[in-house]
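>>> Any chance you could fold what I've pasted below:
(one chain, ligands or ions: 1)
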Amino acid sequence: MKNTVAIYPGSFDPITLGHLDIISRGAKMFNKVIVVVMSNVHKNSGCFTIDERVEMIKKSVSHIENVEVDHFDGLLANYAANKNADVIVKGLRAVTDFEYEFQMALTNKKLNPDVETIFLTTSAENMYLSSSMVKQIASMGGDITDFVPHAIHNDIVKRLKKGD
Ligand code: COA
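Take a look at the predicted model:
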């Protein structure tokens, strides 16, 4: 296979096991995967700072050799061009994700025709997982063990515990 660089973008507020699943599978398919923390205009500034999100992702992927972590404040299509990327990888959870993802993929293709968007189907156990769900459960004292990478479990719990 050709020397492929893939970009996995998201807000990662925080990274979950669903994201880690896509990163691990992507790392087997592509020579390099760059996980990039970006902002979604439809969301507020988020719960964790950009630096915290980057740190948590780094801790979560430290066992995977060909993964880099970065952040970028701008258009994904431009970031992909800067990095000479071949592919944007996204995880598709349910049919409800499809229309929005399709719109983003077509827009990114228009802005940067050199990059292809590839969708990986989310594993069944992560189908209904989201960063918002993790934040809600942790802030109410629930158990998030099955939802977040082991390496950052305590960081999230400590940070979101009520009263902190
Ligand atoms: N497993 C479990 N959960 C997953 C998942 C998976 N495989 N993939 C995504 N999710 C969750 C995320 O945690 C997120 O949860 P939340 O809404 O509770 O935070 C939700 O699904 C949506 O994720 P995603 O579709 O990746 O959106 P995002 O907000 O994380 O990221 C950007 C969107 C940042 C990639 C997009 O807005 C972007 O490209 N921004 C840059 C600016 C730009 O170029 N705009 C034009 C785009 S056309």
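
>>> what distance separates the lowest-mean-pLDDT helix or strand in the chain from the centre of its chain?
Here the helix or strand of the chain ranked lowest by mean pLDDT, DSSP states H and E is helix 95-111, holding a mean of 90. Here helix 95-111 shows a centroid-to-chain-centroid distance of 16 Å under the convention Cα atoms, centre = their mean, to the nearest Å.

>>> Repeat that for stretch 133-153.
16 Å.

>>> Flag every buried residue along stretch 22-31.
22-23, 25-27, 30 (16 or more other Cβ atoms under 10 Å). All C-beta spots, glycine's among them, are computed from the backbone N, C-alpha and C.

>>> I'd like these as TSV, with pLDDT appended.
Output for the buried residues of stretch 22-31, formatted as TSV (pLDDT from 0 to 100):
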residue	pLDDT
I22	96
I23	97
R25	96
G26	97
A27	97
F30	97
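
>>> Name the nearest of those residues relative to the ligand.
I22 (4.7 Å; Cβ to the nearest ligand atom).

>>> any residue of stretch 153-164 up close to the ligand?
No - Stretch 153-164 stays clear of the ligand (Cβ under 6 Å from any ligand atom), getting no nearer than 13.0 Å.

>>> mind listing what the residue of the chain found nearest the ligand touches?
Closest residue of the chain to the ligand, Cβ to the nearest ligand atom: G18 (1.9 Å). Counting by Cβ atoms under 8 Å, 6 or more residues apart in numbering, G18 touches 91, 93, 122-123, 126, 129-130.
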